[in-house]
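**Q** Sharing a model that was predicted from the sequence below.
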Amino acid sequence: MQPITYERPETVEAAVRALGRPETLFVAGGTTVFDLMKVNVLKASHLVDVTRLRDPRLSAIEVSDTAIRLGALVRMADLAAHPGIRAICPLIPLSLDLGASEQIRNMARLGGNVLQRTRCAYFRDTSFEACNKRNPGSGCAALDGHNRQHAILGTSTACIAIYPGDFPQVLAAVDAQVEIAGRQGKPRTIPFTDLHRLPGETPDVETVLKRDELITGFLIPRGPWLRRSLYLKIRDRQSYAFALASAAVALDLAPDGTVREARVGLGGVATVPWRAREAEAALKGNALTEAIAHRAAEAAFAGAVTRSHNHYKIPLGKQTLVRALLGAAAMEV
Amino acid sequence: MSGHETALRELPLIGRGHARYDGRAKVTGRAQFAADVVVADPIHAFLLLSTIPRGRIDRIKTDRALVLPGVIDILTHENAPALAAPVSQAAGSATNHQPLIDPDIVFDGQVIGVVLAENFETAREAAALVDIHYVKQPAAVTLDSPGAVTERWSEINQNFEDLEVGDAEKALAEAPVTIDATYHMQSQVHNAMEPFPTTVLWDGDDLIVHEPSQYVVGLQRGVARQLGIDPSRVRIISPYIGGGFGSKLSLTPRTAILAALARKHRRPVKLVATRSQGFTLSTYRGESRHRIRLGATPDGKLTAFAHEAWEMCSRFGAYASASTDLTADMYAAPSILTRVNIVRTDRTTPGFMRGPGEMPYMFALETAMDELAYRLEMDPVELRRLNEPARSPIDGSRFTSRSLVKCFDEAAERFGWRNRNPVPGANRDGDWLVGYGCAAATFPCFNYGGSATVTLLRSGRARVETAASEIGTGAYTALGQVAAELLDLPIENVEVLLGDSLLPPTAPAGGSMQTASTVPAIRLACERIVSRLGNRMPALADLGAAFDRLGTLSIQETAQYAAFDGKNANGGRAVLSTPDGDEPIAIASYGAQFVEVRINARTKELRVPRLVGAFAAGRILNERMALAQYRGGMVWGLSSALFEGLAIDPIQSRVTNTNFEEYAIPVNADVQMVEAILVPEEDHEVNPLGVKGIGEIGIVGVAAAVSNAIFHATGKRLRDLPITLDKLF
């Protein structure tokens, strides 16, 4: 067997320093890394387990008057069960409860969750040669292959792999910032929507993180829209399945029903956690009627590009967003 | 009153049923499944499978893998021992491709090598280091692929005939109302909870095989033949099976190869195939297409029935489920025309999978019947009642018992069918469209015959021995309770030994026939024991004295039962000897499936809040286990309707979803109310106990009922399984 070394540093500094070694990966819950190592998609000779880092803020859920801060090592299950968060922003626990399985949510951490890899069958099965994400320059088998699950937004001719997950679409929608620690200089903070890169010509480069950087937390600014928020996920079965389409919506409605602010994220349809700003613009200043919801959905999917098996994702994605918007508008808050 | 009838009256075996004989062992983990068997110092095997569908291995380099510490041997076509090709056993050996004899690749996922190492992880790691270069050739992997070749099944299988009764073409041309529709289903795979494990060890010249098998005697013969040794030298041990559904009925190529390797290395060899490999190691339900044509009068009387089927097959094998006799026997059409074709493709050979042909063929017929009912503006239940045949429409055979209409009536009543508004798309509950659908189910009755040994001890304990298989259906319990009843013993006193080729041979656990074939043999053995005790079973307390009078400590009897002189192995038909001469009879179980679906009007998510099925299958030996069988079948029916299908890459001609993430099966949340109803039925002719098969009928008809309910909910007719959400847009 191929030997793997393993270390469990206690400080963030030690952790990012450890990444200086070649073939080294961070691991937290292990729900992505170990899976992909077993099928030879991820290769590592050294693993840096970050779950024992001593900084208590890494595992903390902090709520202030202006923001929610989530440590990168918070377990999905713990955030989903947090009573304060549910009252402030129901969107967050909704998205978490619909993700993965109870067992996985008990292991997976938020930092790892936002970095989970695509479920594209051609990426995950090394017996398929062509995958630009796994093997740069080898081509994309999904373009003309079986692409029922694949993305229609943010695609390129090099990759149409879907970005999976549910919670990251929420972070994209609600203006989250991501805190990053690195070897050089001070920690930096960037908008969550800047974390993931569109595939373009280099789908193997999925984020703007440098090799030796570690996500330490997420910051969600509090706004009146967070209370009127929901996550709707449509999938092939009722549990333990990735989204065919999902919508994360948050609305601030005036007493007369006019949309003061809207936040819209989309999942199951895009190559990265997707913020639908065109949809938000179509909603803002209008009463949230069925017609306006449809107009927003049209705007959100105006740029969609489909392949042979995923045309249905345009009507499905639109209807998912319409249903989520009307559902959020009808919420008692 | 016939002899059979007497037996029925005398044996009050219907009841709530005993709890599982092996239930405690299974839930506490004490039951030893094949992969649990610990042998001393085993070599661990890992299979290498092809990653192209057709072509040839140009070069296979194992040097990097062989130097890995712990690797013992790597078998490829260049160094494999010579083995005879597997042939079809009595229970069918559909995976009849023998790998490792040449560099040719004839399907995706074909075994092209076996890595042997000191542990599983090393073997797996080494497998990834084997360097294989292929020369690829274009492959046809679907019914419609260029290069797929259609052949008429009757020209391949001499025992099969297409049906032609009357002039169906003329009747169709003249019929006032016709339906002409084509139905399709994607390939589906039985990849049970327990994967495909095998452990082999030699004891001198004797081979012991621990492998889950639905037919230990067939596996014994097949492996012996491949190795060129006498079957008496091979022992198959398979006390428990973690799900078979047909996938463990046939011999697969792995067993003989592993036995040859164990002999070569003089050590036991253990294989546990991976989940992904389980998608191609055994058989599957091949893709199929069905064109159904129905002719009817305006008041709903059928005038013609035509069914043409195309079933996927391999290039090298010969398998078709060919169930047109089944569909033609359903309704009283005076003219019948059927044709079964196989379509040769670059896939492995399909084979038996729960309701092999019954499930797809009845999906087609029962959806077509629903289409006809809507065309006629007639209640689908009434359409079936109107066309209920008195005798077989094919050949006039008498049905020994047929409770189809009764099943429809009982299920309809429980379901609340009469309250339905028949207008499609008119039933709404908020954002959800509601639809009701129904369909018939049937399964032909097979009788194979079997043998069993029963031993009664002076102490009042008894033992039943037969080479039957426990596939999760409760064989230990069903067979043990028969002996307990006949010997008037508490069931706790009866020990049951199954799943060992040393035991008296019996029918395979396939074709829903094992219980019906084995129970009569047990009954015969028990009756002989009772007759030795003076034709009356003494009370338990008096048993010692009775044995003392005979001067023995135990009485053992082995009995054989041959059904219809062995003439009913093909199922559905038999010949009854009567004083007036031979009488052809038709024997089958029947049922009716009712389904409620709810579909979100916007996002088209589909929910199935209710499944109600009613089934009549002769005498029910154990109500509790029968209900579990029916409900399990119905759940799989739901899965086959909405979830399961191999996804084929059209460019690379390969399956892309060899995992349970993308080959979806329902989770608990998808399965809501599932209710099975036992419709009482007495059949005095099917066999001495009046037992028909119950194992497979539960899956039959569900897909049609679901598709019919979707039509009722939406007005959209879907004729292609699985009906996934994308097809509803």
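**A** Yep, that arrived. Residues are numbered from 1 along each chain as shown, chains lettered A, B, ... in the order given.
**Q** Buried residues in the longest helix anywhere in chain A, which are they?
**A** Secondary structure of chain A per DSSP state H: the longest helix is helix A:313-329. Neighbour-count burial for helix A:313-329, counted by 16 or more other Cβ atoms under 10 Å in any protein chain shown, picks out A:313-326, A:328-329. C-betas here are computed from N, CA, C, even on glycine.
**Q** near chain B, which of the residues you listed show up?
**A** With respect to chain B, and counting by Cβ under 8 Å from any Cβ of the partner chain, the subset of those in contact is A:Pro315, A:Leu316, A:Gln319, A:Thr320, A:Val322, A:Arg323.
**Q** The fourth one and B:Ala525, how far apart?
**A** In this view, A:Thr320 and B:Ala525 are 63 Å apart by Cβ to Cβ, to the nearest Å.
**Q** Low-confidence ranges, the chain, go.
**A** Answering for chain A, as no chain was given. Applying pLDDT under 70 to chain A picks out residues A:1.
**Q** right idea, wrong chain: chain B
**A** B:1-16, B:88-95, B:564-570.
**Q** Show me which residues of it are close to chain A?
**A** Contact residues, chain B versus chain A (Cβ under 8 Å from any Cβ): B:51, B:68, B:70, B:121-122, B:125, B:128, B:431, B:600, B:602-605, B:607, B:643, B:647-652, B:654, B:656-658, B:661-662, B:664, B:666-670, B:724-726, B:729.
**Q** Recalculate using a threshold of 7 Å.
**A** Taking Cβ under 7 Å from any Cβ of the partner chain as the criterion, the neighbours of chain A within chain B are B:51, B:121-122, B:125, B:128, B:602-603, B:605, B:643, B:647-649, B:651-652, B:656-657, B:661-662, B:664, B:666-667, B:669-670, B:724-726, B:729.
**Q** which ones among these are found in helices?
**A** Residues from the residues of chain B next to chain A lying in helices, with DSSP H as the criterion: B:Glu121, B:Thr122, B:Glu125, B:Ala128.
**Q** Surely the third one touches A:Gln2?
**A** Yes - when contacts are counted by Cβ atoms under 7 Å, B:Glu125 is listed as touching A:Gln2 (6.2 Å).
**Q** These two - which one has more neighbours?
**A** Neighbour totals were compared for B:Glu125 and A:Gln2, and B:Glu125 leads with 20 against 13 (other Cβ atoms under 10 Å in any protein chain shown).
**Q** Is B:Ala628 in a helix, a strand, or coil?
**A** helix (DSSP: H, G, I helix; E, B strand; the rest coil).
**Q** excluding its backbone neighbours, what's nearest it?
**A** Excluding the flanking residues, the one nearest B:Ala628 by Cβ to Cβ, 6 or more residues apart in numbering or on different chains is B:Gly474, at 7.5 Å.
**Q** and the one you found, what does it touch?
**A** Contacts for B:Gly474 were tallied using Cβ atoms under 7 Å, 6 or more residues apart in numbering or on different chains; they are B:Arg20, B:Asn622, B:Met625.
**Q** gap between it and B:Glu495?
**A** In terms of Cβ to Cβ, B:Gly474 sits 16 Å off from B:Glu495.
**Q** ditto for A:Leu226
**A** A:Leu226 sits 66 Å away from B:Glu495, going by Cβ to Cβ.
**Q** Wait, B:His184 touches B:Asp720, no?
**A** Yes - with contacts defined as Cβ under 7 Å, B:His184 counts as touching B:Asp720 at a distance of 4.7 Å.
**Q** shared neighbours of these two, anything?
**A** Taking Cβ under 7 Å, 6+ apart as the contact criterion, B:His184 and B:Asp720 have no common neighbours.
**Q** could you dump the helix or strand harbouring B:Cys407 to PDB, C-alpha only?
**A** Using DSSP states H and E, B:Cys407 sits in helix B:404-415. As requested, the backbone C-alpha atoms of helix B:404-415 are provided in PDB (Å, rounded to 0.1, in the frame of the first residue of the first chain):
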ATOM      1  CA  LEU B 404     -57.700 -11.500 -11.200                       C
ATOM      2  CA  VAL B 405     -61.100  -9.800 -11.000                       C
ATOM      3  CA  LYS B 406     -61.400 -10.600  -7.300                       C
ATOM      4  CA  CYS B 407     -58.000  -9.000  -6.800                       C
ATOM      5  CA  PHE B 408     -59.100  -5.900  -8.700                       C
ATOM      6  CA  ASP B 409     -62.300  -5.700  -6.700                       C
ATOM      7  CA  GLU B 410     -60.600  -6.000  -3.300                       C
ATOM      8  CA  ALA B 411     -57.800  -3.600  -4.000                       C
ATOM      9  CA  ALA B 412     -60.200  -1.100  -5.600                       C
ATOM     10  CA  GLU B 413     -62.400  -1.200  -2.500                       C
ATOM     11  CA  ARG B 414     -59.500  -0.700  -0.100                       C
ATOM     12  CA  PHE B 415     -58.000   2.100  -2.300                       C
END
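**Q** in it, what counts as buried?
**A** Going by 16+ other Cβ under 10 Å, helix B:404-415 has these buried residues: B:Leu404, B:Lys406, B:Cys407, B:Phe408, B:Asp409, B:Glu410, B:Ala411, B:Ala412, B:Phe415.
**Q** same for that helix, what does it pack against?
**A** Using 3 or more Cβ pairs under 7 Å, 6 or more residues apart in numbering or on different chains; DSSP states H and E as the contact criterion, the elements in contact with helix B:404-415 are helix B:380-386, strand B:588-600, strand B:606-616, strand B:673-678.
**Q** Can you convert the ones you listed into CSV and add a column each for mean neighbour count?
**A** Conversion of the helices and strands packed on helix B:404-415 to CSV gives the following (neighbours: other Cβ atoms under 10 Å in any protein chain shown):
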stretch, mean neighbour count
helix B:380-386, 19
strand B:588-600, 27
strand B:606-616, 24
strand B:673-678, 18
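**Q** Let's have those in a markdown table, adding distance to B:Ser459.
**A** Formatted as a markdown table, the entries for the helices and strands packed on helix B:404-415 read as follows, by distance: least, Cβ to Cβ, whole Å:
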| stretch | distance to B:Ser459 |
| --- | --- |
| helix B:380-386 | 55 |
| strand B:588-600 | 40 |
| strand B:606-616 | 40 |
| strand B:673-678 | 36 |
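**Q** Let me see the backbone angles for residue 164.
**A** Defaulting to chain A. Main-chain torsions, A:Pro164, degrees, to the nearest 10: phi -80, psi -170.
**Q** that's the wrong chain, I wanted chain B
**A** Main-chain torsions, B:Glu164, degrees, to the nearest 10: phi -140, psi 100.
**Q** mind listing what it touches?
**A** Going by Cβ under 7 Å, 6+ apart, B:Glu164 touches B:Leu337.
**Q** For burial, what's the neighbour tally of whichever residue of the stretch 351-500 of chain B sits closest to chain A?
**A** Residue of the stretch 351-500 of chain B nearest chain A, by Cβ to the nearest Cβ: B:Asp431 (7.7 Å). Here the neighbour count serves as a burial measure; for B:Asp431 (other Cβ under 10 Å) it reads 14.
**Q** Quick check: nearest residue in space to the residue in the stretch 51-200 of chain B that chain A sits nearest to, chain neighbours excluded?
**A** Among the residues of the stretch 51-200 of chain B, B:Thr51 lies closest to chain A, at 3.8 Å counting by Cβ to the nearest Cβ. The shortest distance from B:Thr51 to any residue that is not its chain neighbour, by Cβ to Cβ, 6+ apart, is 3.8 Å, and that residue is A:Ser127.
**Q** I'd like to know how far that neighbour sits from B:Ala669.
**A** 32 Å.
**Q** The two: who's more crowded?
**A** With neighbours defined as other Cβ under 10 Å, A:Ser127 and B:Ala669 compare such that A:Ser127 has more, 17 against 11.
**Q** helix, strand or coil for that one?
**A** coil.
**Q** residues from chain A in reach of chain B?
**A** Along chain A, the residues adjacent to chain B under the rule Cβ under 7 Å from any Cβ are A:1-2, A:40, A:119, A:121, A:127, A:141, A:144-146, A:148, A:234, A:236-241, A:244, A:312, A:315-316, A:319-320, A:322-323.
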